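Asker: need the 3D shape of this:
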Amino acid sequence: MLTGEEIAGELGRTFGGFEAAGLPPGTDWVRGKVRDIIRLPGELIISTTDRISAFDRVLGELPFKGEILNTLSLHWFALTGDILPNHILESLSPRTVRVRRCRVLPVEVVVRGYLSGSAWRDYEAGREISGLRLPPGLKENQKLPQPLITPSTKEDQGHDRPLSVEEILRTGLVEGKVWAQVERAALALFERGTRELAPRNLLLADTKYEFGLYQGELILADEIHTPDSSRFWFADSYPGLFEASRPPQGIDKEYLRRWLMEAGFMGNGPVPFIPPEVWIETARRYLQAYELLTGGPFIPHGAGKEEEAAVLRAAL
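Answerer: Numbers count the residues shown, from 1 in each chain. Okay, the predicted model is just below:
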């Protein structure tokens with residue numbers, strides 16, 4: 001894995017995304033928090049940038065992040081294709097893919113195996129978790145009796161809002177028959193992730209899935225089992241840390257979230273200054289996640305805007 005010094009040398013050479021001037025005139029494209037998306041008839045071209053967000057705010061750019069997220073997702077899409085088809089058509093570069101253009105369901109599907117993060121904060125405050133009332137006496141980061149599906153809205157601005165299944169069905173956000181398929185697929189994907197990670201000394205604490213409808217059939221979209229969409233904990237240290245009421249050792253971006261919370265930031269107000277050592281440690285954890293999840297070394301491609309724009313022009 002790259003050293004801290006090597007990571008530090010890349011802090012100023014990140015890929016923040018495309019500029020309109022670098023794309024052919026008339027290109028239909030949109031910029032998300034992390035991804036730049038070009039819309040074509042029946043297809044999308046998605047480029048995963050190095051932008052990093054937390055609490056629904058873009059914080060800056062992290063070396064290698066886009067390549068890591070994209071290649072990790074391709075790794076997991078290949079491992080779960082027997083459970084549910086996905087949107088991938090072809091890989092165009094280490095950070096860019098061509099995908100089927102589906103109707104993405106307006107619900108984020110979060111599966112939790114442990115009581116952590118926002119679910120813990122709601123539980124501690126006495127609130128329901130996506131319409132679910134958990135029994136009293138649970139502790140932070142405790143393993144749940146069985147994985148729970150805790151859906152939420154997908155907000156363009158601000159924080160996502162928890163949704164109950166009853167609300168999803170009552171408001172027609174997702175048709176009942178389709179939601180039943182979503183639940184089955186989400187639990188099967190979570191079980192597959194849990195099983196694949198066990199030999200690597202990793203626990204899948206929770207994760208987010210996005211689903212869509214393509215020609216009337218349910219497919220998996222966006223990303224799967226990445227440090228942006230999941231929490232991974234080391235299995236061997238979890239029991240002792242849990243008994244001591246200490247945070248689990250993880251390789252997700254919870255490290256950055258906790259640093260921000262300790263700095264008094266949870267999405268509102270100006271983003272605090274994030275020192276280089278925090279960026280370096282966050283990048284190190286993304287690199288570590290890639291190598292642990294795939295079992296192989298990460299070899300950075302380091303394509304800049306011009307090279308990625310050339311990839312896009314050839315694909316259009």
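Asker: which SSE is L213 in?
Answerer: strand 202-214 (DSSP states H and E).
Asker: now R284
Answerer: When elements are assigned from DSSP H and E, R284 belongs to helix 276-294.
Asker: still on that earlier bit, the strand holding L213 to helix 276-294, inter-axis angle?
Answerer: If you take axes from the mean of the first three to the mean of the last three C-alpha atoms, to 10 degrees, strand 202-214 sits at 80 degrees to helix 276-294.
Asker: correct me if wrong: R98 contacts L44.
Answerer: Yes: R98 sits in contact with L44 when judged by C-beta atoms under 8 Å, with a separation of 7.4 Å. (Each C-beta comes from the backbone N, C-alpha and C, glycine too.)
Asker: so the closest residue to L187 other than its chain neighbours, which state does it fall into?
Answerer: Counting by C-beta to C-beta, 6 or more residues apart in numbering, the nearest residue to L187 once its immediate chain neighbours are dropped is P147, at 6.2 Å. Classification of P147 by DSSP: H, G, I helix; E, B strand; the rest coil places it in strand.
Asker: list the contacts of the residue most central in space within the chain.
Answerer: By C-alpha atoms, centre = their mean, the chain has its centre lying nearest to S229, at 2.1 Å. The contact partners of S229, taken as C-beta atoms under 8 Å, 6 or more residues apart in numbering, are T207, K208, Y209, D222, E223.
Asker: contacts only, for the residue nearest to L187.
Answerer: For P147, the contacting residues are V111, R112, G113, L187, F190, E191, by C-beta under 8 Å, 6+ apart.
Asker: out of those residues, list just those in helices.
Answerer: Taking DSSP state H, the ones among the contacts of P147 that sit in helices are L187, F190, E191.
Asker: neighbours of the last one, how many?
Answerer: Yep, that's E191 we're talking about. E191 has 15 neighbouring residues, counting by other C-beta atoms under 10 Å.
Asker: same check on the first one?
Answerer: A total of 16 residues lie near L187 under the criterion other C-beta under 10 Å.
Asker: okay, and the helix or strand of the protein with the least pLDDT?
Answerer: Sorting the helices and strands of the chain by mean pLDDT, DSSP states H and E puts helix 305-315 at the bottom, at a mean of 77.
Asker: elements contacting it?
Answerer: Contact analysis of helix 305-315 by 3 or more C-beta pairs under 8 Å, 6 or more residues apart in numbering; DSSP states H and E lists strand 43-48, strand 88-93, strand 96-100 as its packing neighbours.
Asker: would you list the ones in helices among the contacts of P147 in JSON lines and tack on distance to L260 and pLDDT?
Answerer: Conversion of the ones in helices among the contacts of P147 to JSON lines gives the following (distance: C-beta to C-beta, whole Å; pLDDT from 0 to 100):
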{"residue": "L187", "distance to L260": "31", "pLDDT": "98"}
{"residue": "F190", "distance to L260": "27", "pLDDT": "98"}
{"residue": "E191", "distance to L260": "32", "pLDDT": "98"}
